[in-house]
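Participant: From the sequence below, what's the structure:
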Amino acid sequence: MMTPEVLWAAGLAIAIVFTAALVNRFAPQTRSRLRTIAILYVMYLLALGSSHLLADLGEPDWARRTVIATEILRVFLVVNLSATLVFRLLLRGLGLKVPTIASDLLVGLGYIVATVGVFSQHGLDPVGALATGAAVSAILAFSLQSTLGNILGGVALQLDGSIHEGDWIQLENGKQGRIRAIRWRHTLIETRDWSTIVVPNASLLANNITILGYREGLPAPQRMWVYFNVDFRFAPNHVIQIVTDGVLGSPIENVAGDPKPNVICMDLARDGKDSVALYAVRYWLIDLAADDPTSSRVRARIFTALKRANIPLAVPAVMNLVQVNDREREQTHRERDHGARLAALHVVHMFRGLTEDELRVLAEGVTAVIYTKGETITRQGATAHYLYVLTKGTVEVKVRKLDNPASEPRVMATLEAPEVFGEMGLMTGTPRGADVVAKTDVECLRLDKPTFERVLLARPDAAKELADKLALRRANNTRTEDMNEAELARHHQNEAARILGGIKEFFGL
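Facilitator: Predicted coordinates:
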């Protein structure tokens with residue numbers, strides 16, 4: 001027959017295993033609590049064994065004292081198991097987070113109540129023990145004032161809810177970091193440069209701290225600024241519009257969509273010396289840990305937006321640039337650029353039916369543009385103004401559901417240079433059928449309608465050749481598995497006739 005002590009030991013062992021399984025499954029970050037429970041259980045078994053050994057050795061008084069210690073350890077173990085199940089598993093599972101120090105205080109209160117109960121059960125006076133403990137505590141409080149100040153500070157910080165683990169704060173010395181843990185004596189703050197600041201809790205209470213990304217009791221994105229200069233040749237409203245279109249054209253990783261980024265003209269001739277206008281993109285940062293990488297992505301958008309609009313960034317006024325006007329050198333530079341554009345057009349399958357002179361006409365009218373990763377080059381449903389020849393990089397063709405424009409677009413194709421896209425919109429006037437988004441940094445040649453019109457008006461037969469190539473490409477893209485060659489040929493002819501009709505109507509041929 002099993003004794004009550006053995007039943008308690010077995011029951012506690014099963015409870016520990018059950019709690020450990022739940023912690024490992026649902027709250028692995030609190031495994032350190034299991035270590036405390038395991039130590040208490042080992043001490044409980046040692047005390048239980050010692051009480052039986054002392055009784056066998058004929059030491060009843062010491063055996064009785066050991067039995068009291070055994071029962072105290074057992075109730076301590078029950079208190080820890082209960083606290084782990086309630087605070088670390090149940091309440092967290094319900095989305096309620098109790099401050100660590102608060103739960104520790106409740107566990108400590110449970111220890112006191114359990115100890116008093118065990119003393120009373122064995123006929124001991126708990127009041128005397130508490131009085132002795134109070135005297136010892138007063139002596140320790142007097143000698144450890146600084147430490148107790150930090151402990152009380154930690155209790156106050158967690159109980160009043162002014163700061164929480166995970167908050168980003170700025171100290172009075174300007175250091176910023178995320179609160180990793182609020183402990184009894186100090187608070188751990190992790191900075192962006194992979195350092196940890198240990199701040200005494202009393203210092204946090206005594207000084208002013210700024211909670212970053214927190215307003216009106218709710219988490220909010222942190223406002224950030226990215227500055228750039230443009231000289232006076234360009235009107236501020238034009239610069240603001242160009243950069244705004246570039247920044248808002250498509251989402252930027254870690255930049256909040258609400259509130260939206262905006263562009264501001266900060267100053268004209270700053271300090272009365274620099275002959276440039278100072279601008280800034282103001283945006284709101286979602287993850288405060290990635291501030292510099294996010295600002296870098298915003299700067300890339302600014303650069304490419306200005307580059308496409310042929311607006312150069314201003315150079316410092318103290319910089320002296322000396323350039324010798326050499327007509328022969330300029331002519332060589334223009335011919336080299338023209339040759340590069342002509343070579344890029346030669347490799348485009350759609351243009352292989354055009355003559356060399358016609359390709360030269362197109363090369364004279366194209367514009368080199370760049371896009372940074374993530375930018376939207378064409379937008380589904382928009383009016384087409386350009387045809388794009390992809391000369392470097394990769395883009396994705398994405399389509400949204402027409403009945404739900406806000407839905408997540410589906411990737412239909414991936415195009416790598418050299419390739420052409422946007423041709424149907426430019427040649428037939430139909431709205432864009434898909435979003436084209438830069439998957440990497442890309443370089444394109446952008447061809448407009450007037451340039452293309454010069455070729456078609458000079459040789460209307462070219463429209464038929466282009467329509468045939470576009471129809472063949474579309475027929476192959478939409479071909480189904482059960483379509484035979486004859487059906488594909490008919491589909492090709494129908495598409496060619498439809499596209500040719502659109503080209504003639506759009507260009508007035």
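Participant: for the stretch 1-150 of the chain, what spans make up the helices?
Facilitator: Taking DSSP state H, counting those that start in this stretch as the criterion, the stretch 1-150 of the chain carries its helices at 4-26, 32-56, 60-83, 91-93, 100-121, 126-143, 145-160.
Participant: I meant to write the stretch 151-300 of the chain there.
Facilitator: Using DSSP H, counting those that start in this stretch, helices in the stretch 151-300 of the chain cover 201-206, 236-248, 291-308.
Participant: same question, the stretch 301-450 of the chain
Facilitator: 327-346, 356-365, 423-428, 449-458.
Participant: Can you read off the pLDDT for the residue nearest the centre of the chain?
Facilitator: Centroid check for the chain by C-alpha atoms, centre = their mean gives residue 254 as the closest residue, at 4.4 Å. pLDDT for residue 254: 92.
Participant: for residue 495, same thing?
Facilitator: For residue 495, pLDDT reads 75.
Participant: burial count for it?
Facilitator: 19 (other C-beta atoms under 10 Å). All C-beta atoms are positioned from the backbone trio N, CA, C, and that covers glycine.
Participant: on that earlier part again, give me the nearest residue to the residue nearest to the centre of the chain, chain neighbours excluded.
Facilitator: residue 294 (4.4 Å; C-beta to C-beta, 6 or more residues apart in numbering).
Participant: ok, the one you found to residue 300 distance?
Facilitator: According to C-beta to C-beta, to the nearest Å, residue 294 stands 11 Å off from residue 300.
Participant: Am I right that residue 79 is in contact with residue 106?
Facilitator: No - between residue 79 and residue 106 there is no contact under C-beta atoms under 8 Å: 9.1 Å.
Participant: which one of these two has more residues nearby?
Facilitator: More neighbours surround residue 79 than the other of residue 79 and residue 106, with 19 against 15 (other C-beta under 10 Å).
Participant: Excluding chain neighbours, what is closest to the more buried one?
Facilitator: Leaving out its chain neighbours, residue 79 is closest to residue 110 (C-beta to C-beta, 6+ apart), at 4.0 Å.
Participant: pLDDT score assigned to the one you found?
Facilitator: pLDDT, residue 110: 80.
Participant: Then residue 272?
Facilitator: 57.
Participant: How about residue 320?
Facilitator: 52.
Participant: likewise the one 5 residues further on?
Facilitator: Model confidence at residue 325, given as pLDDT, is 57.
Participant: Ok, residue 96 next?
Facilitator: For residue 96, pLDDT reads 75.
Participant: I'd say residue 70 and residue 47 touch.
Facilitator: Yes - the pair residue 70 and residue 47 passes the contact test of C-beta under 8 Å, sitting 4.1 Å apart.
Participant: neighbour count winner among those two?
Facilitator: Remark: of residue 70 and residue 47, residue 70 carries more neighbours, 22 against 18, as counted by other C-beta under 10 Å.
Participant: Which helix or strand in this protein has the lowest average pLDDT?
Facilitator: helix 126-143 (a mean of 51; mean pLDDT, DSSP states H and E).
Participant: how many neighbours does the residue nearest to residue 79 have?
Facilitator: 17.
Participant: One more: residue 284?
Facilitator: 18.
Participant: Please name the nearest non-neighbouring residue to it.
Facilitator: residue 221 (3.4 Å).
Participant: Now do the contacts for the one you found.
Facilitator: Under the criterion of C-beta atoms under 8 Å, 6 or more residues apart in numbering, the contact list for residue 221 reads 213, 256, 259, 284-286.
Participant: Tell me the most packed of these, by neighbour count.
Facilitator: residue 285 (21 neighbours).
Participant: Name the nearest residue to that residue, sequence neighbours excluded.
Facilitator: residue 222 (4.5 Å).
Participant: Test my guess that the one you found contacts residue 211.
Facilitator: No - applying C-beta under 8 Å as the test, residue 222 and residue 211 come out as separate, 10.4 Å apart.
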